[in-house]
Structure formats: structure tokens, C-alpha cells
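S.K.: The following block contains a protein sequence and its predicted model.
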Amino acid sequence: MLVVDRHGGLVRINEAARLLLPDAASGDWLHERVPPWLSDAHRRICDGLSDAGSGPPTGRIRDRFLEAHPTTGDDGDVVWWLVDETDRRFAETALLDVRARSEILAEVSGALLSTLNAGRCMEMAASMATEHLAEAAVLVAPPQGRRHPLTFARRGGPVTQTVRQVDVSAVPGLAEALQGFPPVPARWIDPADLPDWVVPEGFTSPVGSVIVTPLPGHGVPAGALILLRSGTERAFSESEEVFARLFAARAGAALSAARLYTEQAAITTTLMRELLPPALHHVHGVEYAGGYRASKDHERVGGDFYDVHPSADPSGETLVVLGDVAGKGLDAAVLTGKIRNTLHALLPLAEDHRRILNLLNGALLSSHHTRFATLVLVSVLNRDGRTRLRLTSAGHLPPLLARADGTVEEVATRGTLVGALPTVEARTVETVLAPGETCLLYTDGIVEARGGPLGDDFLGTERLKRALAECAGMQAEAVVERIQMLAAQWIREGRHDDMAVVAITAPRASSHAGDEESGRNGWRNT
Amino acid sequence: MRQATATDTVVERLWRAAVEGDEPAAASVVHEALDAGVPEETLLLDVLARVQARVGVEWAADRITVAQEHAVTAINERIVASLAHRRTGGGTAPFRGRVTVSCVDGEWHAFPARLVAEVLSLHGWRVDYLGAQTPTPHLVAHLHQSNPDAVLLSGSIPTHLPAAHAAITACQAVGVPVLAGGRAFGPDGRYARTLCADRWAPDARGALAVLDGGVARPNASAGRQAVDDLPHLADQEYTMVVRSRHRLVKQTLADLEDRFPPMRAYDDLQRERTAEDIAHIVDFLATSLYVDDPELFTTFLVWTADVLGVRGVPARFLVASLDVLAEQLRDFPRTMRAIERGAAALGAHAVRTGSGSGSGS
Amino acid sequence: MSGFPSTEFALELVRESDSLFVRVTGDLDYDTCDELVDGITEHLTGDGTPPRCVRLDFDGLTHIDSSGLSALLLVHRRAGALGATLHLDNRPDFLERMLHITNVLDHLTGPPPGSRSGRSAG
């Protein structure tokens, strides 16, 4: 308690106040002994300026936080009751910190979980660590072989990533953190012990304080995070260490999810590589093009397949296969893989379509199921400018021929589906393609595409034929694109089955004399 | 000036060979020009791009068939591939970064995206080109795997804008910025802004400049949804029109018999073409509601009036279709405004071109 | 928004003396074919003597895909193993066309393999 006269002179000071203001004595000027927030408040009261409604003045004196409640006496003296609010204030600040930190953690999780790319995830984690926790951060990932992926970040600087062989045991607590042991308290780590590789480029001032914390993962650690502060900054407090652990937990969870996804995606890519439709090229003077769309748009593989097996030399027949396995998705795709491999092995027998089909049939028969395939085999021979085809359908939709005069023919080959009956009957049909003519192989997903302007019609063979009639003289790629576009525009967003098309086209005569020579330029990617 | 003239000649020769479907001749035109010292970038952007652009113009004017359209595109694609093939190993530009080039889900016109991909490759960008008709889930899976600096999203047909919006939001949600390009986004890129793409570029050179300037990563934790960008969608008019698309087309087709007498003599094929035309009208109407810009609708109608006009379908067909649609959509104010604007634009266009729609049949 | 209204798939199975009557309505495809196989298998292998004849009525069939045909082949195999013959009645054009193209009609409706010896033994 202080008593101050209206001129600002100290009249009395009690014991408690003397502890706070040990140098103050009666007769001193108030403004020379207390901070301005209190002396100014006194002057306002004496000048009759009331602070009604704004609450008592508050401020610091030394390390305490105080509220000052004035009582004006009849003689104009003011009695100031100083109430120590330090502890309450501390609690309030702590609460605000907690709120801010949980906001930061939510933001960190949101940002990190948005990516499933491990590199990007580490980049963001290191960058956000420098934003919220430290001046610099180094994220050390578990080793790949002998080398560790390292991510360096400096507040306000760029994030850099390298893969290097480093001695993790040189950093106190790092080897332990990478094995998932609890973090070593920051005060135990002497910054002077840090090896140079830990300090990011551009971090010039000496390191004053260090946190090394594990990034907990799914059972195994996802890495470790090293946080650095320079000597000129205040050292990491205990509560900051706790916060760093929480941050690391979020980062570790996100990083583990990203790594898991990356591994799964890599496995899927490897397994699917063999099942993806091949890119087709022009072979021995005949154009081939193929197009594929899986029934579910998030899948890349399905029950339709095609292959072109070029003969070793131009005088031999090239074998084209297009087929469809009953079913959809990965199960069906695995069976297409089996069929494609079997047919590849049977290529030496390609002269006899029926024999190939019966051998394939035998390989596919199973007592467990009746999952069958339908397919078309086409042997193509280009000799003396004539493209001769031998076509055999095994339960498949008849191939279509786009003739130069704009008519479209169905090839009258017919045979038994493969893989469900003891034997296969099939009839092979021969035909010749004139220059500019195309033979189109397609799966039922095309003609059974449902949609159209009214929403519920099948695309149907007639519409397919009509579109194909316009394709006389077009290159194989253009025909495939035309048919795929027709189907896609027909179904729009609707449900559809797997759809595959292959075009076999006899090239048109060119006005360009240097046809042979132009292969040198690489434009004909045979 | 001489360079321009030389380029014009190459364009003309390439066009003639391509429209004839003569691929060897077309390829030699381009490769001879390359051998004669025309830079590859010039061939891509000032020759092949111009030939491709001419495809659309000539088709609209009914001077080439759909089949020829595909033929020219296929030849152009193969020539671009052959140029890339020839270049293999010759890339001298320093590495700039990695980008993904993709078409909007449902978009078949891949050639503009292909040109952008090639030009960026020439300038040192590592490009993953995903091609036409890329399902958005494939695109996002690819981004997770490759972590590119940006996605270049190409769209040619405006009706794919809602799909483009979904792709933009999905890319940004994984922290990858989107540079939108292509005719679908409007001549001034206005729909790229409407759909909150990070950047827009009018062409391949523009895209290169934007990338060279650097594109900041979006805030991935923002978690935006379509309605956050486009609050007008809350009125449900877009949803309504899309959901009742088939019913609208059927009803319009039926009612048109009365309003548009020539239809009574149509055969099945002609009726199907008419149904397709009506479906297009509904699609563009819905898209204009999505981006809340009636001009998207009017632009389409005026263009269609010309396309139908040269094919002998009177402009009255469009006006009558709008009348019938308006009767079915009377309760939807935003939709009605678009239809009214469309009818007015068709009227003004008819006056301009002298193809009077009011004069008797 | 995606898809189209497909006819609800329904099966109606009735056993009358020697025959199992099966009415198939709607789309017989990838999504519904298991229902057909399971439904018929249950009646074939359930209590009592198996039927000598399984009559499938396709009057209400709206669509069939390759999975549907695969299901018919499986039904045929299971019925045949028990000595029962399959009959495909009221076949719509599209089913007829599919059976023609795949060349399995004779197989599906022929006598069960080894039926003679099976019958004489029983």
C-alpha cells in the first residue's frame, strides 16, 4: 500500500510495498520510484480524469505483475492498494500458449497429412519446425543402405535435401532417437559437441541449444529431428521440449503414412507393369494402334487385353491378340497376365490358330471355376503391298473391316470361348486389306457402353459400324482415338465395363518419295 | 518477316499433307524444316500448333470431316513424337525442376498439353506427361509419387470445367500448385481464376514464363471444397440441371416436334444427332451455372448457330430448344437469366449474319 | 449421379418334382451373377434328391455380361455333376447372340457328361 499526495509525493509506504520498492521512502517523488503506468495513473486521478469502466491500472514492478486499486481521501491524498496478480497472469499466459500450440499442432498435422510423398513430407516437417520451434532443423531419416536422407531447414531460408553417409553417433542422443529410445534432455547436450554436418548452410552463429527428438513411426522410428538455436537466443525451456516431442509425434505419424504409401505404390507399380496394355508400334509396313480404358477409372488394369507379337523378319506373320476375361479388376487382370504369357510361349505354333486356342484352353481349364476368356487371333502378313489377314475368333465379337469405299464388314469367324469347355471349335477366315483399310478388334465394353444423349441406350454394333465407316483412309492411331472418343462421349460419367480396341491398318500410299529414307530421321518408330 | 513467311509456307505444306492423311509427306515437311535450321520450338508452336488450330476452324466450317480431324491430329501427334525421339539425349538445357502435364478428366484434346510438355522439356524441365482423359485419382496418385513443382492442367472443352475444378482442388489439397491453360478456361483465363487455379497461362510460352518465375505452393491444410470457391452453387441450380439432364433432353426432344416442324421428317439418325445437340446445350447451360457466367453459354450458342448453319440446320432450332428448356426450368432464376441472355445473343447474331430466324420457313 | 437405373435383379426358384424352375429377372452381370450360382447350388446340394432338370426362364432378363455367362457355365457344370440337364427357356435376342458368338449353347443345353452311366448306377 502506498499513500501519495496530489502533487505526486510519496506520503506513506507500508512493509509489503517496501519489499516491492526497497529504495522508496516517504517524501520521494512517485514518478522517480515507480514505472510510468502507475505514476501516470496517479496523475490522471489527481487531474480529475476518471478511468471509469476501464478497470484498475495494471503493470509490472520488477518481476511482479500488479493491479493498482486507488482510493481517494478527503485531503486529496490517494491510497494505492497494490494487488499481486503474477500467478494468475502466469496461468493465463500458459493457457494461451497451450491454445496456440494445439493450433500449431493441428496445422502441422493438416499440412503433413495432405501429402503422401515422403520427401515432401520431410521438407514440410523441417520447414514448419523452423517456423514454430527453432532457428534451424535437421530431419534425419532412417538409413537407406549406409546413407541417411537428410533434410535441412533454416528459418527464412530454403529447405535442402541430400542423401549422405554421416556418423549419427557423433550427435548426442541421435543414434538413440533413430532406434526409438526416449529423447535425451536438451540440457545434457553440449552444443560444442555437435559435428559440422548437423549445422545447416547459412546458420552462421554458434549453436547455443539443441533438442534431439525421435519421430515415432508405425512400430519403427520414422527418423529423428534435431532442433538448433543460436547462442544469442534463449535456451530451449522444458515446456518447449515437451512441445517439440508433440510436434515430432505428428510429423512421425505423417511421415510413416507417406512411406507406407510409397512402398505400397512401388509394389503395385511393379506388379502391374506386366499387366498394363503395351504401347503398339508400326511393324513391317503395317500400322497397329491400341487403346484401353479400365472399368473403374481409378484402376489401370482390368479384364481386357491385347498384344502384338511381331515376326522376327518381315516375311513372317505378325500375331495380334485381343481378348476379354470374364470379370473385372485385379482378379481379371491376373488371369489376362496368364493368358498373355501362355500365348507368348505358344507363338511358334501361331500358324495354326485352332491348335493355339486348344492348348490355351487346356492351360486355363480349372475345376474350381468357369472363368473364361474370349479372344481374337489375327495373323498379319504384308507382302508386295498387300496386307493379308487370317482371323480367328474364340467366342469373341466379330472383327470389323473398314473398307476403302466406306463400307464396313463383319468378319465371319466364329469359335468357342476359351477356358471353360473341354475343347474349342473355331473357324479361321482370311481377308486382304487394301491401302487405307482397317481391321478393328474391340471388346464388348465398347458396344455395351450405356449412355448416349438420353442416358440409357447401348452404344451398339450399328453405331460402332457407322463411326468406323468414316474411318476409311485414316491411320491406325486416328481410328483408335475416334472409337475411344465415341465410347467416352457416349458413356460420359456413367458406369462402364473394361474397353479395349486395336486397329490394324494397311498404310495408304504416300506422295512422299523418300519413304524408306525417312526412317533415318526417326519419325517412324518401328 | 522472312522467318514468318517461311513458317507460313511450312504450315501450308504440312496442312495439305496432313489433311490428305499422307503421314510420310507430312513428316518430311517438318523434318526438312528442322534440317534447314528452323528451331524445334518454332516448329512446335508456330507450325504444328497452327495446323492443329486450323483443324477446329475447318471442321466448324464443314470443310473437313470428323475423320479428317482425327487423321490430322494423329499425324501431328506422331510428328511431335518423332521430334522428341530425334532429340533424345540431345537435351542441353540445365535442369529446371519437375512438372506434371495432364488433361482434365474427360478431356480428349491432348495436343495442346502435348505441345506444352515438349516445349518445357526443351527448356530443361523434367515433364511427366499424363495425356488425355486422365482420371483425377490417377493424377493425384501421380503427384504423391513424383512430388512435382507444379501441375499444368489443360482443358479445351468448357463443359469439363467442373471436372477441372475437382482436379485443381485435389492437387492443391496435396500441396501442389496448378497452372491452368487451354481454351476451356476462357480467352483471358477468367475461369482459371473462378476455379481458384494458382496461375493461368494463355499458351506454352506463357506457361514457360510462369514456371520460370516460380509458383508458390498452396496451403495444403486449407481443405477447400467446391462450394467454398463458388458460393453460388448453394442455390442447387447447377446440381438440378445436371441431375435432370437426361429428362431435360428427352422432354425437349419431344416438345420440339411441335415447335420445329422440320423435325417431324427426321430419321432415327437425325433425331439422335438432334438429341446430341440438345444434350450439348444442356451441358453448356449447366457449366455456365457452375462458373456463374452466362457468357459461357451465349458464346457456345453463337458458335453452335454457325456450326449448324453451315450444315443446313436453321438457327430457329436453337431458339426453339431454348424456349422448350425455359418452360421446364422456369423455377430457377439463375438458369432463366442464362437462357434469356442466350436467346438474346442468338437474336443479335441472326441480325448480324443476316440469317434471319424470324422469317418463315 | 453416375450410372443408370438398372432393373432390380431377382431370382425366383421353385422345385416341382424332378425339375428346378428358376426365373431370372434384371441384369445378370458381374454384380449379380454370384447370387444365381449360390441360389441354384443351394437347391442342387440341399436336402433330398437333386433335380434331373434345371429350367432357367430368361423372359425377364434385361442384360447379361461375360460374368453372367461364366455363371451359367458354372451352373451347368454343377448341375451336370449331379446328372441334371440345363434348359435355357425364353432366351432374349441378346442372350441368343451371346450364346451364338461364344459357341456354348449346345454345351450348356446338352446332356450332362456321363449321364447315362450315372443314371444306370442310381
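M.R.: Structure's in. What do you need? Numbering: from 1, shown residues only, chains lettered A, B, ... in the order given.

S.K.: where along the chain do the helices fall?
M.R.: Picking chain A for this. Ranges of helices within chain A are A:15-20, A:30-33, A:36-46, A:86-113, A:118-132, A:174-178, A:238-273, A:329-345, A:353-364, A:444-447, A:460-469, A:476-491, based on DSSP state H.

S.K.: that's the other chain; I wanted chain C
M.R.: Counting by DSSP H, the segments of chain C that form helices are C:33-45, C:66-81, C:93-102, C:105-109, C:115-121.

S.K.: JSON lines for those helices, including mean neighbour count?
M.R.: In this view, the C-beta of every residue, glycine as well, is placed from N, C-alpha and C. Conversion of the helices of chain C to JSON lines gives the following (neighbours: other Cβ atoms under 10 Å in any protein chain shown):
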{"stretch": "helix C:33-45", "mean neighbour count": "16"}
{"stretch": "helix C:66-81", "mean neighbour count": "23"}
{"stretch": "helix C:93-102", "mean neighbour count": "17"}
{"stretch": "helix C:105-109", "mean neighbour count": "16"}
{"stretch": "helix C:115-121", "mean neighbour count": "11"}
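
S.K.: Lowest mean pLDDT across those, which one is that?
M.R.: Least confidently modelled of the helices of chain C is helix C:115-121, at a mean of 42 by mean pLDDT.

S.K.: Please name the spatially closest residue to the spatially most distant residue from the centre of chain A (chain neighbours excluded).
M.R.: Taking Cα atoms, centre = their mean, the residue of chain A most remote from its mean C-alpha position is A:D75, at 77.2 Å. Spatial nearest neighbour of A:D75, chain neighbours left out: A:D5 (8.0 Å); criterion: Cβ to Cβ, 6 or more residues apart in numbering or on different chains.

S.K.: Phi, psi for that neighbour please.
M.R.: The phi and psi values for A:D5, taken as degrees, to the nearest 10, are phi -80, psi 180.

S.K.: Return the distance of it relative to A:P36.
M.R.: According to Cβ to Cβ, to the nearest Å, A:D5 stands 19 Å off from A:P36.

S.K.: and whichever helix or strand B:T287 is part of, what does it pack onto?
M.R.: Taking DSSP states H and E as the criterion, B:T287 maps to helix B:268-291. Helices and strands touching helix B:268-291, by 3 or more Cβ pairs under 8 Å, 6 or more residues apart in numbering or on different chains; DSSP states H and E, are helix B:161-173, helix B:237-243, helix B:245-259, helix B:294-310, helix B:316-328, helix B:333-353.

S.K.: show me what contacts the residue nearest to A:D75?
M.R.: Each residue near A:D5 by Cβ atoms under 8 Å, 6 or more residues apart in numbering or on different chains is listed here: A:V11, A:D75, A:G76, A:D77, A:V78.

S.K.: Of all residues in the chain, which one is nearest the centre?
M.R.: Just going to use chain A. A:L116 (4.2 Å).

S.K.: meant chain C, my bad for not saying
M.R.: Nearest to the mean C-alpha position of chain C, by Cα atoms, centre = their mean, lies C:L72 at 4.8 Å.

S.K.: Could you report the separation of it from C:L56?
M.R.: With Cβ to Cβ as the criterion, C:L72 and C:L56 are 8 Å apart.

S.K.: shared neighbours of those two, which are they?
M.R.: C:L86, C:L88.

S.K.: before we move on, back to that, need the helices of chain C in CSV with distance to B:G354, can you?
M.R.: What follows is these, written out as CSV (distance: least, Cβ to Cβ, whole Å):
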stretch, distance to B:G354
helix C:33-45, 61
helix C:66-81, 56
helix C:93-102, 51
helix C:105-109, 63
helix C:115-121, 80
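
S.K.: do you know which of those helices lies nearest B:D188?
M.R.: helix C:66-81 (49.7 Å; Cβ to Cβ).

S.K.: Tell me the helices and strands packed up against that closest one.
M.R.: strand C:19-28, helix C:33-45, strand C:53-64, strand C:85-89, helix C:93-102, helix C:105-109.

S.K.: coming back round to it: where's the residue nearest to A:D75 relative to chain C, distance?
M.R.: Applying Cβ to the nearest Cβ, to the nearest Å, one obtains 83 Å for the distance of A:D5 from chain C.

S.K.: What is the least confident helix or strand in chain B?
M.R.: Ranked by mean pLDDT, DSSP states H and E, the weakest helix or strand in chain B is helix B:226-229, scoring a mean of 84.

S.K.: Identify all contacting residues around that helix.
M.R.: With contact meaning Cβ under 8 Å, 6+ apart, helix B:226-229 is reached by B:H165, B:A166, B:T169, B:T194, B:L195, B:C196, B:L233, B:A234.

S.K.: For stretch A:340-348, C-alpha coordinates in CSV please.
M.R.: C-alpha atoms of stretch A:340-348 as CSV (Å, rounded to 0.1, in the frame of the first residue of the first chain):
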residue,chain,number,x,y,z
ARG,A,340,-0.7,-63.3,-72.4
ASN,A,341,2.2,-65.3,-71.1
THR,A,342,0.8,-68.6,-72.3
LEU,A,343,0.1,-67.2,-75.8
HIS,A,344,3.6,-65.8,-75.9
ALA,A,345,5.0,-69.2,-75.2
LEU,A,346,2.8,-70.7,-78.0
LEU,A,347,4.0,-68.2,-80.6
PRO,A,348,6.0,-70.8,-82.6
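
S.K.: What residues sit buried inside it?
M.R.: Neighbour counts over stretch A:340-348 (16 or more other Cβ atoms under 10 Å in any protein chain shown) mark A:R340, A:L343, A:L346 as buried.

S.K.: swap in stretch A:365-379?
M.R.: Along stretch A:365-379, these residues count as buried under the neighbour rule (16+ other Cβ under 10 Å): A:H369, A:T370, A:R371, A:F372, A:A373, A:T374, A:L375, A:V376, A:L377, A:V378, A:S379.

S.K.: Show the pLDDT at B:A222.
M.R.: Reported pLDDT for B:A222: 64.

S.K.: Hmm, I typed the wrong one, I wanted A:P57.
M.R.: 86.

S.K.: How about C:S6?
M.R.: The predicted structure lists C:S6 with a pLDDT of 57.

S.K.: for the one 4 residues further on, same thing?
M.R.: Each residue has a pLDDT score; the one for C:A10 is 93.
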